[in-house]
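Visitor: Any chance you can model this:
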Amino acid sequence: MTGKQTDNLKVSVLASSSSGNVTYIETPQRHLLVDAGLSGKKIANLMKSINRDLNDVDDLLVTHEHSDHCRGVGVLARRYHLNVYANQPTWQAMAKKIGKVPADQCHIFEMGSTKTLGDLDVESFGVSHDAAAAQFYHLHYNGHSFVVLTDTGYVSNRVEGVIKDADGYLIECNHDPEMLQMGAYPWSLKRRILSDTGHLSNEDGAETMIDVLGNRTKKIYLGHLSQDNNIKELAHLTVASIMKQHDLAVDHDFQLFDTDPEKATKLTVI
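Guide: Okay, here's the model as predicted:
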């Protein structure tokens, strides 16, 4: 492992968009990815951009079988001997997409359960998305925690309870509703995105954060932006504006960070 090691939970959103998603999370004893929705080569290059190496990664947590989350799972597992975790329906749904993974690297991570991976406790929770059994993750280390939550049509009170008052979040801000409605997508796809099993809008992402952030929350990453129905600056402005309307001290008590389809965020202590 290159780079200085410290006793912290660190995160880099390597890529996040409607075309590919992968997040890197590091503790002193564990280095893992959540999703691998790009090619192995692209992910390796993104890791190098934050001074990290895929050879040092231990685990890969998969959220669901859509290609923008699992495209690189098979090649990374085979090439870098990663332990891959997903629930049983997701394993079945992505099998043809990822190819054969050695049996000793395949692990079942049941929805609603917690696994301890080295010094990291990982809590899974189900969401409302049109996949076999989409689940996301709340990661806990040494009194700090980080939530990955994208690809859901809405956030239930149950999920809000699981993710409340984390130190950091990657939250979905998939689309601007007006851009989506005026855009070129067929109505069937628009209806799917806007449904309870689709994706959170910028406003939905903001409202979710208003409901769950607490005194511990310091970093919020705006993720999974549609490349056709959103603009990074618009998502940021919308979320910041709604939060300020609720008397939340954006850029004072906590920071909003943009994510990118092709450029990793800085590896940051959470």
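
Visitor: Please count neighbours and contacts with C-alpha atoms only from this point.
Guide: Fine.

Visitor: Just after the longest helix seen in the chain, pick out the following helix or strand.
Guide: Longest helix in the chain by number of residues (criterion: DSSP state H): helix 232-245. Later in the chain than helix 232-245, the nearest helix or strand by DSSP states H and E is strand 255-258.

Visitor: So which bits of that following strand are buried?
Guide: Buried residues in strand 255-258, defined by neighbour count with 16 or more other C-alpha atoms under 10 Å: Leu256, Asp258.

Visitor: Which neighbours in the sheet does it have, and how are they oriented?
Guide: Partner strands and pairing direction for strand 255-258 (DSSP bridges) are strand 219-223 (parallel).

Visitor: isn't Asp151 right up against Ser201?
Guide: No: Asp151 is beyond contact range of Ser201, at 10.4 Å (criterion: C-alpha atoms under 8 Å).

Visitor: out of those two, which sits in the busier spot?
Guide: Using other C-alpha atoms under 10 Å, the more surrounded residue of Asp151 and Ser201 is Asp151, with 29 against 26.

Visitor: Let's see the longest helix of the chain as PDB, backbone CA atoms only.
Guide: The C-alpha coordinates for helix 232-245 follow below in PDB (Å, rounded to 0.1, in the frame of the first residue of the first chain):
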ATOM      1  CA  LYS A 232     -23.300  19.000 -11.400                       C
ATOM      2  CA  GLU A 233     -23.700  22.700 -10.600                       C
ATOM      3  CA  LEU A 234     -27.500  22.500 -10.600                       C
ATOM      4  CA  ALA A 235     -27.500  19.500  -8.300                       C
ATOM      5  CA  HIS A 236     -25.200  21.300  -5.900                       C
ATOM      6  CA  LEU A 237     -27.100  24.600  -6.000                       C
ATOM      7  CA  THR A 238     -30.500  22.800  -5.500                       C
ATOM      8  CA  VAL A 239     -29.300  20.800  -2.500                       C
ATOM      9  CA  ALA A 240     -27.600  23.800  -0.900                       C
ATOM     10  CA  SER A 241     -30.600  26.100  -1.400                       C
ATOM     11  CA  ILE A 242     -33.100  23.600   0.100                       C
ATOM     12  CA  MET A 243     -30.800  23.000   3.100                       C
ATOM     13  CA  LYS A 244     -30.300  26.700   3.700                       C
ATOM     14  CA  GLN A 245     -34.100  27.200   3.600                       C
END
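
Visitor: who does it touch, helix- and strand-wise?
Guide: helix 202-212, strand 255-258 (3 or more C-alpha pairs under 8 Å, 6 or more residues apart in numbering; DSSP states H and E).

Visitor: ok, 10 Å please
Guide: helix 202-212, strand 219-223, strand 255-258 (3 or more C-alpha pairs under 10 Å, 6 or more residues apart in numbering; DSSP states H and E).

Visitor: next one: it to chain centre, how far?
Guide: 20 Å (C-alpha atoms, centre = their mean, to the nearest Å).

Visitor: buried residues in that helix?
Guide: Going by neighbour count (16+ other C-alpha under 10 Å), the buried part of helix 232-245 is Lys232, Ala235, His236, Thr238, Val239, Ala240, Ser241, Ile242, Met243.
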